[in-house]
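1. mind looking at a prediction? Sequence and model below.
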Amino acid sequence: MGDGRVAGGHPHADRLWRSGDLVWEASDPYLYMRTPGDGRIIAGGEDEPITDPVAQDALIESKTARLVEKLRALRRGIGIGEPELRWTGFFGETEDGLPLIGRVPGMDNCYGGYGYGGNGITFSALAAGMIAR
């Protein structure tokens, strides 16, 4: 999987949505947005199966354009400038979208908590608690 991400300065980020919470549009492909508190907007999404890093990098411009278009459509009336940064990356995902938690085969006293996909941070934190208990 590869997703596109963009970040850019915005003079009116405080007018985009209250409290700068993460906004996650549950569509396919999904869109998420957040503000890190310094007037910028970070938007991402547009995931699709990609296994070739060169092909992934070739999509940065088109993915950026789609993310900016979606952001502008959602926040009409507030000028959204051009992105300052663009990046993309791979992440692993299990077939069922669930994490893998438990003993690592062939390694005594070693446990793994692998949180895959868009919920990886949440799954990894839950896995760590389960393993510790």
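-> Nice, I can see it. Residues are numbered from 1 along each chain as shown.

2. hey, let's count contacts and neighbours off CA atoms from now on
-> Fine.

3. and the top helix by length along the chain, what other elements does it pack with?
-> Longest helix in the chain, counting residues (DSSP state H): helix 60-74. Judged by 3 or more CA pairs under 8 Å, 6 or more residues apart in numbering; DSSP states H and E, helix 60-74 is in contact with strand 2-9, strand 40-48, strand 85-90.

4. ok, of the ones you listed, where does mean pLDDT dip lowest?
-> Lowest mean pLDDT of the helices and strands packed on helix 60-74: strand 2-9, a mean of 50.

5. right, and the helix or strand after that strand?
-> Once the chain leaves strand 2-9, the next helix or strand it forms, by DSSP states H and E, is strand 23-25.

6. any weak-confidence spans in the chain?
-> 1-20, 77-78, 91-93, 115-122 (pLDDT under 70).

7. report back the residue of it that's furthest from centre.
-> Here the centre of the chain is the reference, and by CA atoms, centre = their mean the most remote residue is residue 108, at 33.9 Å.

8. name the SS class of it, please.
-> At residue 108, secondary structure determined by DSSP: H, G, I helix; E, B strand; the rest coil is coil.

9. what residues are up against it?
-> Neighbouring residues of residue 108 by CA atoms under 8 Å, 6 or more residues apart in numbering: there are none.

10. same check, this time on the one 5 residues further on
-> Contacts for residue 113 were tallied using CA under 8 Å, 6+ apart; they are 99-102, 124, 127-128, 131.

11. can you tell me which of those residues are in helices?
-> Using DSSP H, the contacts of residue 113 in helices are 124, 127-128, 131.

12. surely residue 24 touches residue 30?
-> Yes - here residue 24 reaches residue 30: they are 7.4 Å apart, a contact under CA atoms under 8 Å.

13. thinking again about what came up before, okay, the contacts of residue 113 in a markdown table with neighbour count and distance to residue 38 next?
-> Formatted as a markdown table, those follow (neighbours: other CA atoms under 10 Å; distance: CA to CA, whole Å):
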| residue | neighbour count | distance to residue 38 |
| --- | --- | --- |
| 99 | 20 | 33 |
| 100 | 15 | 36 |
| 101 | 18 | 37 |
| 102 | 14 | 40 |
| 124 | 19 | 28 |
| 127 | 21 | 32 |
| 128 | 15 | 31 |
| 131 | 13 | 37 |
